[in-house]
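> When you get a sec, could you give me coordinates for this:
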Amino acid sequence: MNAVHLKSASGSSWKFVLVLFLLTAASLILVSCSDFTISGTLPTPGASKVTVVVSDPATCLSPNGPYSHVYLTIADIRANASDAAAPGDSGWVDLTPNLSGAPMQVDLLGTPDANCLLATLGENPDVTPGTFKQFQVILAANAATVVVNACGSSASCVVLASDSSVHALDISDEATTGILISPKQIVGAELTVVANRANTLDINFLACESIVHDENGSYRLRPVVNAGDVRSSSHSLRGNVLDGGTGQPVKGSVMVALERPDGSGVDRVMWATLAEADGSFIFCPIAFGAYDMVIVGTGSDGTFYEPSVLRYIPAGTKNIGSVKLYPLMPASASFATLAGKIGSQTNSHAGIVLDVKVSVLEHAGDIPYFTVPMSPTSDQSSATENVVTAPPTGALTCPTKMYCADYSIQVPAGSINLANFQKDRTHLSSNATLPTYVIEATGSVPSSGGVVVCNSGFPFKTPPVTPSAGGVTVPVPTLNITHCP
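Coordinates of the predicted model:
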């Protein structure tokens, strides 16, 4: 219909046509501004758009850690409504169809954008509404072609800060079976996709906990990853850490961890980051939910600080204000070294090589255990420690019929200072109590996607270990991981 037709129409007819024309134009404008316009196409009526993003507030970036880059090339992200679906089962929904044939390389230690994201992996505008309880991250095989490749001949790699050398990152099964993200690794245990509403799924890699440096010099991925819906909480959580003695920023390094209970009574690290020189820190984006915060620090003179813990930070909190860390004096007496051995064995009582994540736990308040992140030092740049069990040698003595690994972790010689966020945050103060630590070991078969496979009594924990001050080495009872495949 054109202007001549409108002018020549009868009064009532052209008014009706004009109204219809304006309504149609208005609807087109509304559609073009909606959350569901993807490259000019609209989703199926009643469907929803799911966008997948990647974040990683890293702690091992140079100069605080050994790496300048950790590159992963991601080939696909899938979702399943079942919490028990295996990689080859039916029901997997492709959330990033755009990655088919065009995998994306992401630097997990890269500089986040204005929205605190490392990358947007892609989106699916036609997801059927429902609840998803498991996700699968497929990595590109190292021989895959990557259009823009910072790794040279490998699709995934690490770059060392010491000499800028590039080392291929062995991803093995993560390129076939993928990395499975279970309900325990999802904030809220699931992602609910609602009809006609945009959803954003954040895949958060804990890169610094995910890299294993083998004795042969190679680097391997032991993925530690979680996920959550950040559509409804596209805000940051920020704060400031001060030295409780001086009231000034800590002259040294401070690690801040956001934790949530895992259902077994242990607060697990979901995000970890380092505070800036002025004491400020930020987590962004974070999935909607309530959190606990555990903060540890070391001074430039070697002084360890007592861990400070804020409980019950409500969902939606954007700023926690200032938190104090209290130094343990003198520096030489502010820490202890927990040293022990981990053994690994199959069902048939033979030694087995395992990737083992070693965590330090401490009881405080009404939570059975908090994870106490490793205090940042030149040798400790992640929240937990990775070791690999191996056959006994002349230098490595293992329990009978087992492979094993030795570990040592420096910990504060003072116990947790605990406060509830809303009620008595300002009452957080130093205490003279010695800590009682528990060492936990969780094992997985190398190159299995980080899935815990030893199922007898997991997680394995030592009896409580109380260190004495003075930098002494405290022997920890051996942890034997048995009943592995």
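
> for the residue nearest to the spatial centre of the chain, what are its contacts?
By Cα atoms, centre = their mean, the chain has its centre lying nearest to residue 206, at 3.8 Å. Neighbouring residues of residue 206 by Cβ atoms under 8 Å, 6 or more residues apart in numbering: 56, 224, 225, 226, 269, 271, 272, 382, 383. Glycine gets a C-beta too; all of them are placed from N, C-alpha and C.

> If we use 10 Å, what do you get?
56-60, 108, 223-226, 269-272, 382-384 (Cβ atoms under 10 Å, 6 or more residues apart in numbering).

> Count the neighbours of residue 262 for me.
By other Cβ atoms under 10 Å, 15 other residues sit near residue 262.

> How about residue 428?
19.

> Going forward, count from 177.
Renumbered: residue one is now 177, and that last one reads residue 604.

> What distance do you get for the nearest residue to it once chain neighbours are set aside to residue 497?
Nearest residue to residue 604, sequence neighbours excluded (Cβ to Cβ, 6 or more residues apart in numbering): residue 595, at 4.2 Å. As judged by Cβ to Cβ, to the nearest Å, residue 595 and residue 497 stand 12 Å apart.

> Who has more neighbours out of the two?
residue 595 (20 against 11).

> distance of the more buried one from residue 548?
Distance from residue 595 to residue 548, by Cβ to Cβ: 16 Å.

> same thing with residue 348?
Taken as Cβ to Cβ, the span from residue 348 to residue 548 is 31 Å.

> Likewise for residue 609?
From residue 609 to residue 548 the distance is 14 Å (Cβ to Cβ).

> Which one's more surrounded, the two?
Comparing residue 609 with residue 548 by other Cβ under 10 Å, the one with more neighbours is residue 548, at 28 against 12.

> That one contacts residue 588, correct?
Yes - at 7.9 Å, residue 548 counts as touching residue 588 under the criterion of Cβ atoms under 10 Å.

> which neighbours do those two share?
By Cβ under 10 Å, 6+ apart, the residues touching both residue 548 and residue 588 are 472, 483, 536, 538, 611, 613.

> Narrow those residues to those in helices?
Residues of these located in helices (DSSP state H): none.

> I'd like those written out as TSV, with distance to residue 520, pLDDT and neighbour count added.
Below are those laid out as TSV (distance: Cβ to Cβ, whole Å; pLDDT from 0 to 100; neighbours: other Cβ atoms under 10 Å):
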residue	distance to residue 520	pLDDT	neighbour count
472	28	98	27
483	29	95	28
536	20	96	27
538	25	94	22
611	28	92	22
613	22	94	25
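
> just curious, which of those residues is nearest to residue 440?
residue 538 (15.5 Å; Cβ to Cβ).

> mind listing what that closest one touches?
443, 470, 483, 485, 545-548, 587-588, 591-592, 611-614, 640 are the contacts of residue 538 under Cβ under 10 Å, 6+ apart.

> And the strands in the stretch 427-576 of the chain?
For the stretch 427-576 of the chain, strands defined by DSSP state E, counting those that start in this stretch occupy the ranges 428-437, 442-450, 456-459, 467-475, 481-482, 484-489, 495-503, 511-522, 531-540, 543-547, 561-564.

> ok, of those strands, where does mean pLDDT dip lowest?
Per-segment mean pLDDT for those reaches its minimum on strand 543-547, at a mean of 87.

> which helices and strands does that one pack with?
When contacts are defined as 3 or more Cβ pairs under 10 Å, 6 or more residues apart in numbering; DSSP states H and E, strand 543-547 sits against strand 428-437, strand 442-450, strand 467-475, strand 484-489, strand 531-540, strand 613-620.

> among the ones you listed, which is the most enclosed?
Comparing the helices and strands packed on strand 543-547 by mean neighbour count (mean count of other Cβ atoms under 10 Å), strand 467-475 comes out on top with a mean of 25.

> ok, the closest residue to residue 487 other than its chain neighbours to residue 374 distance?
Closest residue in space to residue 487, ignoring its immediate chain neighbours: residue 596 at 4.9 Å, by Cβ to Cβ, 6+ apart. To residue 374, residue 596 is 35 Å away according to Cβ to Cβ.

> How about residue 644?
55 Å.

> OK, contacts around residue 553?
240, 428, 429, 474, 478, 480, 511, 586.

> can we see that at 6 Å?
Shown in contact with residue 553 (Cβ atoms under 6 Å, 6 or more residues apart in numbering): residue 474.

> now residue 247
281, 283, 326, 327, 332, 333.

> Residue 333 is in contact with the fourth one, correct?
Yes - shown here, residue 327 and residue 333 form a contact pair, counting by Cβ atoms under 6 Å, at 3.7 Å.

> The chain - how does it break down into domains?
Split into domains by automatic domain parsing, the chain comes to 224-409, 413-660.

> Which member of the shared contacts of residue 548 and residue 588 is positioned nearest residue 582?
With Cβ to Cβ as the yardstick, the closest approach to residue 582 among the shared contacts of residue 548 and residue 588 comes from residue 536, at 15.8 Å.

> How about the closest one, nearest residue that isn't a chain neighbour?
residue 548 (4.6 Å).

> For that neighbour, give me its contacts.
483, 536, 538.

> swap the cut-off to 10 Å and go again
433, 443, 445, 470, 472, 483, 485, 535-538, 540, 559-560, 585, 587-588, 591-592, 611, 613-614.

> repeat for residue 368
305, 306, 307, 308, 375, 405.

> what's the answer for residue 290, then?
residue 460.

> Please read off the pLDDT at it from the model.
80.

> for it, helix, strand, or coil?
For residue 290, the assignment made with DSSP: H, G, I helix; E, B strand; the rest coil gives coil.

> who touches both of residue 327 and residue 333?
Taking Cβ under 10 Å, 6+ apart as the contact rule, residue 327 and residue 333 both touch 245, 247, 248, 249, 281, 318, 342, 343, 344, 345.

> Contacts only, for residue 474.
So residue 474 contacts 426, 428-431, 480-481, 501, 503, 507, 510-511, 550-554, 556, 586, 588 (Cβ under 10 Å, 6+ apart).

> Give me the below-cutoff pLDDT ranges for this structure.
Applying pLDDT under 70 to the chain picks out residues 177-222, 408-411, 599-603, 625-628, 631-634.
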